[in-house]
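> Need a 3D model of the sequence below.
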Amino acid sequence: MALLRVFVYGTLKPGGLYHQQYCVAHLVEAVSAIAQGTLYDFPQLGYPAMTEGDGWVQGDLLTFSNRQTLAHLDYLEDYDEHRPDHENEYQRQEITVFTPDHQPLGQAWAYFMKPQRVKDLGGILLPSGSWP
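Model prediction:
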């Protein structure tokens, strides 16, 4: 059976608000990881967003035994691959994920927000690449 790998950097991380509800049931492994991008905080909304960028975002690489978990994560992240991009809060794409010391861990899904949406929602840059 093929495993599902997802890079998370906010409320889905171990200890995060939605980790127990959305991740624990089929979680095989969680390892510290980084991915290339820029991280923003939305204090009024209680979650962050990652955009494409040249910096590094700190998070976790989650491995799941049930690929159906992706549909549940899509629902939480307000992503529907059949909708136009501008109607989704986040966009899901496959990226390369690395260990904290920049060794490649392979491909994983990640949720990105378009820069204009970050601006519209009043995102605050997190230069550290870490949330919270």
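
> tell me which element residue 53 is part of?
Using DSSP states H and E, residue 53 sits in strand 47-64.

> Can I get that strand as PDB, trimmed to CA atoms?
Taking C-alpha atoms only, strand 47-64 is exported to PDB below (Å, rounded to 0.1, in the frame of the first residue of the first chain):
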ATOM      1  CA  TYR A  47      -3.300  29.800  11.800                       C
ATOM      2  CA  PRO A  48      -0.400  30.500   9.400                       C
ATOM      3  CA  ALA A  49       0.000  30.200   5.700                       C
ATOM      4  CA  MET A  50       3.000  29.400   3.500                       C
ATOM      5  CA  THR A  51       3.700  30.900   0.100                       C
ATOM      6  CA  GLU A  52       6.300  30.100  -2.400                       C
ATOM      7  CA  GLY A  53       9.600  31.800  -1.600                       C
ATOM      8  CA  ASP A  54      13.300  31.500  -1.100                       C
ATOM      9  CA  GLY A  55      13.300  31.100   2.700                       C
ATOM     10  CA  TRP A  56      12.800  28.000   4.800                       C
ATOM     11  CA  VAL A  57       9.600  27.000   6.600                       C
ATOM     12  CA  GLN A  58       9.900  24.800   9.700                       C
ATOM     13  CA  GLY A  59       7.300  22.000  10.200                       C
ATOM     14  CA  ASP A  60       6.800  18.300  10.200                       C
ATOM     15  CA  LEU A  61       6.600  15.600   7.600                       C
ATOM     16  CA  LEU A  62       3.600  13.400   8.400                       C
ATOM     17  CA  THR A  63       3.300  10.000   6.900                       C
ATOM     18  CA  PHE A  64      -0.100   8.400   6.800                       C
END
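
> Find the nearest non-adjacent residue to residue 43, please.
Sequence neighbours aside, residue 124 is the residue nearest to residue 43 in space, at 6.9 Å (criterion: C-beta to C-beta, 6 or more residues apart in numbering). C-beta coordinates here come from the backbone N, C-alpha and C atoms, glycine included.

> how many neighbours does that neighbour have?
Number of residues near residue 124 (other C-beta atoms under 10 Å) recorded here: 12.

> Name whatever forms a beta bridge with it.
residue 41 (DSSP bridges).
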